[in-house]
Structure formats: structure tokens, C-alpha cells
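J.: give me coordinates for this.
(one chain, ligands or ions: 2)
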Amino acid sequence: MPDSPTKPSFYERVAAATPGGETLATCLQCGTCGGSCPSGPEMDATPRKLFAMVMANMEDEVLSSNAPWLCVSCYYCMVRCPQQIPITDLMYTLKEMAIAQGRYHKDAYVDWSNSFVGYVEQYGRSFEFGLATRYHLTHHPLSMVRKSGLGFEMLQKGRLSVQPERIRNMPQLSAILSEAKQIALQEEV
Ligand code: SF4
Ligand code: SF4
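T.: Ligands and ions are numbered 1, 2, ... in the order given. The predicted model follows:
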């Protein structure tokens, strides 16, 4: 539905809610972000496409997309973006907007985000083997067979671990995460 003349457009609201969000207007549509994104193949719209949809004020389509929920906040796209657009932060803004509209509970991919956060809280880092296994078993059990060869090769080359590894100074990270949660709670009040 088009925005009324007096109401900021969807694009303007997304840009205003994101630090540095005004740079979205400089997006070149180069696709570097989507090509770098580890979750890209599972997204129904890559960051490049999603941002084109934001610029076109396609609010319903953008807030229904699974892309922000599959973003694991690795920041790789931001490091590579030639325009230094805060892609990861924009993903957070879109998630917040979807939650505000009550759309998140309809999306099965929320558990992907929760699993990622759970591993970071417990071990201080992501656990790719656990994340991928849980995701595929829940959503695409048949694709486990197709991907098993790749997984086995990565295991052989030491690029994948079957057990999560805890970082050395976990108490320090836990204190930082706890402080961050307190700040977030205070900002909500
Ligand atoms: S990498 Fe940056 S400039 Fe290129 S499409 Fe993605 S957001 Fe736009
Ligand atoms: S921060 Fe999110 S969108 Fe960017 S590359 Fe990582 S998973 Fe993809």
C-alpha cells in the first residue's frame, strides 16, 4: 500500500531508524553483499534485492522476507560494501519493524537467529556444524543428504568442527552480553 503524502515513506523510516541508514540511497546494486553472504542461498531476497525493494517502498514484501531472519550478523557484507552501507544494522531495523507488526512469529526462521545467539551466549562464538544441522533437519531434511558430501570434505580438511569450542575468556564475554542486555532493557522502558 503506498504511503500517504504526510507520512514518511517506508524507505525514509528504515533509513531514519538505522545509524548511517541514509547511505542506503547510494547503493550501487552491485550485489557484492549477496555474493558474500553465507546465508544468501537460503534468503528469498539477497541484501541487494531487499534494499531495492526498500527503495521502492515495498513494505509488505520486505517485512515478509526471510532475509533479515537468516542474517547471522557476520558483518562480512559491510566490510566488502563499496559504499560502506550499514547492511547488518539495516537487517536489524527490518527485524525490529517486522516484530513491531507481529510478523516474526509467523516466520519459521526465527529459530535460526535464536540458535546462533544461544551458541554465542554459551560458547562465545558460532557453531556452524550445529547451526547447519539443526536448520536443515528442521526445514530441509532432504537437503541434508545433498550437503553431506560437502560437510564431510570440510571435516576432513579441518574447516568444520563437530564440537563447539568455547572461547578462553567466556566470563568476560558473558559480563559484556549481560551489560548489553541491561542497556537494551533500559532503552525499551
Ligand atoms: S554491496 Fe553495498 S552497494 Fe553493493 S548492492 Fe550491497 S549494499 Fe548495495
Ligand atoms: S551480516 Fe548478514 S547479510 Fe551481511 S553477510 Fe553476514 S549474514 Fe549476510
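J.: for the rest of this, base every contact and every neighbour count on C-alpha atoms.
T.: Will do.
J.: what parts of the chain come near ligand 1?
T.: Counting by Cα under 6 Å from any ligand atom, the residues of the chain close to ligand 1 are 27-33, 48, 81-83, 85.
J.: again, 8 Å this time
T.: Neighbours of ligand 1 within the chain, by Cα under 8 Å from any ligand atom: 24, 26-34, 47-49, 51, 77-78, 80-87.
J.: give me the buried subset of those.
T.: Buried members of the residues of the chain next to ligand 1, counted by 16 or more other Cα atoms under 10 Å: 24, 27, 32-34, 47-48, 51, 77-78, 81, 85-87.
J.: for Glu42, the count of nearby residues, please.
T.: Per other Cα atoms under 10 Å, the neighbour tally for Glu42 reads 12.
J.: centre-most residue in the protein?
T.: Cys71 (1.6 Å; Cα atoms, centre = their mean).
J.: quick check: phi and psi on Arg159?
T.: With angles defined as degrees, to the nearest 10, Arg159 sits at phi -90, psi 0.
J.: report how many residues lie close to it.
T.: Neighbour tally, Arg159, other Cα under 10 Å: 10.
J.: same thing with Ser9?
T.: The tally of other residues near Ser9 (other Cα under 10 Å) stands at 19.
J.: and what of Phe116?
T.: Using other Cα under 10 Å: Phe116 sits among 19 other residues.
J.: just the element for Ser178, please.
T.: helix 170-188 (DSSP states H and E).
J.: and stretch 87-107, how far out from the chain's middle?
T.: Distance of stretch 87-107 from the chain centroid (Cα atoms, centre = their mean, to the nearest Å) equals 10 Å.
J.: can you show me the helices along this structure?
T.: 10-16, 32-36, 47-55, 59-64, 67-70, 76-80, 87-100, 110-123, 128-139, 143-156, 170-188 (DSSP state H).
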